[in-house]
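Colleague: would you be able to build a 3D model of this:
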Amino acid sequence: MNLLHMKYAVEIANAGSINKAAERLYVGQPNLSRAVKELETSLGVAIFDRTSKGMFLTPDGEVFIRSAKNILKQVDEIEGMFQKEAVRKKRFSISVPRASYVADALANFSKLLADDTEIEIFYKETNSMRAIKNILQADYKLGIVRYAETYDKYYKAMMDEKGLACEMITEFRYVLAVSRESALAQKDSVTFDDLENYIEIAHADPFVPSLSLAEVKKEELPDNIRRRICVFERASQFELLARNPDTFMWVSPVPEKLLERYGLVQKVCGENKRVYKDVLIHKKDYTLTELDSLFISELCRSKRAVFA
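Modeller: Numbering: from 1, shown residues only. Reported below is the predicted structural model:
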């Protein structure tokens, strides 16, 4: 029997609706329905009566859910017992956008870690929806989500619904990163039309839930680019920009020392008016640790240096 499926069944029983349970669990409704059906098949009984008004426990389901709650409680107690007895490392975890000022904060943060303490750091660069999912499902404690201010109400409503606290880090407009050898680097001002014959380096994650990459790109910036390379890691993007003067990338402002390292310059495009927000998130009932506070201090310091 799958413990995860058992947890799903308990959540559906608590919510009285597969839709509400799916929202709370941050699991797709079809996947949740399939898991429950597999559980019922393995048990050989129907746990729920499915009606237009919701999901209701059958008599067999009431017996199962009562036992499942006891089992899950015992599992939690066993895990807690061994976690208390084990020598636990300090742990820091965060999901972030691919932002150079955040990576700079991580590097500075790493130099402040105590020599006599066992520590594990988990730092994942990803899109906003994955950052949220990592907190809700993957035991990441902190996240930074990035979105256009157009979607501010959407994200704030979603954070509140998911029980997440949020705090503004910074607002900014994207700038262009190009090689010093690029003709774009010599221009006093850059327009969207200037970029048409260059190769765009782009991150492949959509910024907005429910929209495809093509739709997002069309809405966020003019889609007059004929050649585009989509990457997922920051190292590749800087190598491409540094070695190919025919490439460019829209980026949040970059620390000067990183521009120097890769032989890049950043240019402002006056036609790009869209404002973006980087927002720190965590569960509302989560208490920041000493490591969390240390990283946030370095994040604020790096932000001030880059966005001043």
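Colleague: which parts of the stretch 1-150 of the chain are strands?
Modeller: 48-51, 54-57, 90-96, 119-125, 142-148 (DSSP state E, counting those that start in this stretch).
Colleague: deepest of the ones you listed, which one?
Modeller: Stretch with highest mean neighbour count among the strands of the stretch 1-150 of the chain: strand 142-148 (a mean of 22; mean count of other C-beta atoms under 10 Å). C-beta: built from backbone N, CA, C; applies to glycine.
Colleague: and the angle from that one to strand 119-125?
Modeller: 10 degrees (axes from the mean of the first three to the mean of the last three C-alpha atoms, to 10 degrees).
Colleague: now strand 142-148, how far from the centre of its chain.
Modeller: On the basis of C-alpha atoms, centre = their mean, to the nearest Å, strand 142-148 sits 6 Å off its chain's mean C-alpha point.
Colleague: reformat the strands of the stretch 1-150 of the chain into TSV and put mean pLDDT next to each item.
Modeller: Formatted as TSV, these follow (pLDDT from 0 to 100):
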stretch	mean pLDDT
strand 48-51	90
strand 54-57	90
strand 90-96	94
strand 119-125	92
strand 142-148	95
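Colleague: JSON lines for these, including distance to residue 290?
Modeller: Compiled in JSON lines, the strands of the stretch 1-150 of the chain are given as follows (distance: least, C-beta to C-beta, whole Å):
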{"stretch": "strand 48-51", "distance to residue 290": "45"}
{"stretch": "strand 54-57", "distance to residue 290": "43"}
{"stretch": "strand 90-96", "distance to residue 290": "8"}
{"stretch": "strand 119-125", "distance to residue 290": "11"}
{"stretch": "strand 142-148", "distance to residue 290": "13"}
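Colleague: of all the ones you listed, which one is nearest residue 165?
Modeller: strand 142-148 (10.6 Å; C-beta to C-beta).
Colleague: quick one: strands adjacent to that closest one?
Modeller: strand 90-96 (parallel), strand 276-283 (antiparallel) (DSSP bridges).
Colleague: relative to residue 123, which of these is closest?
Modeller: strand 90-96 (6.0 Å).
Colleague: so which of the strands of the stretch 1-150 of the chain gets nearest residue 161?
Modeller: Among these, the nearest to residue 161 by C-beta to C-beta is strand 142-148 (14.2 Å).
Colleague: what does the closest one rub up against?
Modeller: Applying C-beta atoms under 8 Å, 6 or more residues apart in numbering, the contact partners of strand 142-148 are 93-97, 99, 102, 128, 131-132, 134-135, 155, 166, 169, 207-208, 220, 252, 274-282, 292, 295.
Colleague: returning to what we had before: rebuild the strands paired with strand 142-148 as JSON lines, extending it with distance to residue 149.
Modeller: As requested, these are exported to JSON lines (distance: least, C-beta to C-beta, whole Å):
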{"stretch": "strand 90-96", "distance to residue 149": "19"}
{"stretch": "strand 276-283", "distance to residue 149": "6"}
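Colleague: from residue 49, how far off is the residue lying farthest from the centre of the chain?
Modeller: Centroid-distance maximum for the chain: residue 59 at 41.1 Å, with C-alpha atoms, centre = their mean. Distance, residue 59 to residue 49, using C-beta to C-beta, to the nearest Å: 10 Å.
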